[in-house]
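J.: got a sequence here, can you build the structure:
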Amino acid sequence: MIRDYCKYYSDLKRGLDELEGSIPTAVSKFQNLKQISLKDGTLTLKTKELIALGIAISIGSTSCIALHVNDALIAGVKTSEILETIEVAIFMGGESSLLYGCEALEALNQFMVLEQ
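T.: Modelled structure (predicted):
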């Protein structure tokens with residue numbers, strides 16, 4: 001089954017907003033951690049988004065794959081960088097990462113259509 005990653009991303013963002021309305025302290029603390037963690041430092045935002053994507057593939061989180069493929073593209077990551085990240089995730093995670101790598105590639109293809 002091919003997922004509509006653009007709609008899925010929007011649904012995830014809407015769900016996160018709804019959750020924040022229900023448990024604002026917990027979600028805002030997490031968002032603060034995300035903001036601190038993704039801030040440019042020795043590693044750039046682009047690099048950190050690629051790391052997050054590789055982890056998302058390795059742990060098999062379709063939601064995180066959708067979020068981090070999109071956010072990586074917004075951060076200026078190139079298609080070739082995402083493809084290399086998928087390769088490393090497959091190397092580290094084996095067969096399940098191979099399958100979630102397919103999910104990441106599909107998300108990339110769909111988000112790239114929007115950018116054109």
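J.: which helix or strand contains residue 70?
T.: Element membership for residue 70 (DSSP states H and E) is helix 62-74.
J.: tell me the buried residues in that helix?
T.: Using 16 or more other Cβ atoms under 10 Å as the test for burial, helix 62-74 gives 62, 64-73. C-beta here means a position set from N, CA and C on the backbone, and glycine is covered the same way.
J.: now swap in stretch 77-87 and tell me
T.: So stretch 77-87, judged by 16+ other Cβ under 10 Å, has buried residues 77, 81-82, 85-86.
J.: for these, which one is nearest residue 46?
T.: residue 77 (5.1 Å; Cβ to Cβ).
J.: could you look up the SS state of that closest one?
T.: Here residue 77 is recorded as coil under DSSP: H, G, I helix; E, B strand; the rest coil.
J.: hang on, the earlier thing: make CSV out of the buried residues of stretch 77-87 and add secondary structure and pLDDT.
T.: What follows is the buried residues of stretch 77-87, written out as CSV (DSSP: H, G, I helix; E, B strand; the rest coil; pLDDT from 0 to 100):
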residue, secondary structure, pLDDT
77, coil, 97
81, helix, 98
82, helix, 97
85, helix, 97
86, helix, 97
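J.: now those as a markdown table including distance to residue 34?
T.: Listed next are those as a markdown table, based on distance: Cβ to Cβ, whole Å:
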| residue | distance to residue 34 |
| --- | --- |
| 77 | 17 |
| 81 | 21 |
| 82 | 20 |
| 85 | 19 |
| 86 | 22 |
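J.: give me the pLDDT for residue 1.
T.: pLDDT for residue 1: 55.
J.: if we ignore the residues flanking it in sequence, what's nearest the residue nearest the centre of the chain?
T.: Closest to where the C-alpha atoms of the chain average out (Cα atoms, centre = their mean) is residue 68, at 1.5 Å. Leaving aside its chain neighbours, residue 68 sits nearest to residue 53 (4.2 Å; criterion: Cβ to Cβ, 6 or more residues apart in numbering).
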